[in-house]
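In: using only what follows, build the 3D model:
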Amino acid sequence: MINFFSYTMLVLIILFTLTAISGCTEKKGHSSYTIPPQVGITVHNYQDTENLDIVITHEAGDMVSSGDWKLSIVPFGNEPEYIDSESDFRIGDKIIASTTTEGASRLTNNTLNGQVPFSADTQYNIMIMHIPTEKPLVDTVVRVY
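Out: Numbering: from 1, shown residues only. Predicted structure coming up:
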């Protein structure tokens with residue numbers, strides 16, 4: 001038979017565990033995340049147009065929800081300058097960018113409206129950050145030519 005002390009200790013342990021779990025999974029008002037989504041995203045110089053472009057393609061893995069990811073495209077060596085997403089990023093989606101994110105006004109799963117066009121033969125650092133976990137999904141450098 002369980003005595004009062006044992007019962008009280010059991011209840012306290014359960015409450016402490018539940019409190020610890022809920023405190024670790026809530027972050028910045030987003031859904032409960034402990035690890036970033038698993039994604040396969042490729043980034044490369046896009047030569048199918050006459051413009052200086054970079055293509056960012058979601059090839060495989062989990063969807064990244066609208067508002068849970070942000071993008072930075074800056075000249076290599078510069079500090080990241082992020083713009084938050086306005087749409088989900090799913091397998092098959094492609095962002096064809098011809099500008100940096102400096103002064104950008106809009107980011108969707110296929111559009112980046114920026115103000116500073118790419119320069120020829122320049123390296124750019126491309127980062128996609130998962131906002132709830134603050135972990136990078138992509139961190140790479142691409143030369144535009």
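In: can you tell me how far Pro80 is from Val142?
Out: 15 Å (C-beta to C-beta, to the nearest Å). (Each C-beta comes from the backbone N, C-alpha and C, glycine too.)
In: neighbour count for those two, which is higher?
Out: Neighbour totals were compared for Pro80 and Val142, and Val142 leads with 20 against 16 (other C-beta atoms under 10 Å).
In: who does the more buried one bridge with?
Out: Tyr124 (DSSP bridges).
In: how about residues contacting stretch 126-139?
Out: Outside of stretch 126-139, the residues within contact range by C-beta atoms under 8 Å, 6 or more residues apart in numbering are 27-28, 30-31, 33-37, 39, 41, 43, 54, 56, 64, 67-73, 80, 82, 84, 125, 140-142.
In: count the residues that sit near the residue nearest to Asp88 when sequence neighbours are not counted.
Out: Counting by C-beta to C-beta, 6 or more residues apart in numbering, Asp88 lies nearest to Ser66, which is 5.1 Å off, once chain neighbours are set aside. Ser66: 14 surrounding residues under other C-beta under 10 Å.
In: ok, Ser66 - contacts?
Out: 85-88.
In: give me that answer again for 6 Å
Out: 85, 87-88 (C-beta atoms under 6 Å, 6 or more residues apart in numbering).
In: which among these end up buried?
Out: 85, 87-88 (16 or more other C-beta atoms under 10 Å).
In: dump those residues into TSV; add distance to Ala60, secondary structure and pLDDT as well.
Out: Shown next, in TSV, are the buried ones among the contacts of Ser66 (distance: C-beta to C-beta, whole Å; DSSP: H, G, I helix; E, B strand; the rest coil; pLDDT from 0 to 100):
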residue	distance to Ala60	secondary structure	pLDDT
Ser85	19	coil	96
Ser87	19	coil	97
Asp88	15	coil	97
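In: could you export those as TSV, including distance to Ile95?
Out: Converted to TSV, these look like this (distance: C-beta to C-beta, whole Å):
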residue	distance to Ile95
Ser85	10
Ser87	10
Asp88	13
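In: ok, so of these, who is nearest Ile14?
Out: Asp88 (36.8 Å; C-beta to C-beta).
In: that closest one: what's it in contact with?
Out: So Asp88 contacts 63, 65-66 (C-beta under 6 Å, 6+ apart).
In: do the same with Pro80
Out: 72, 127.
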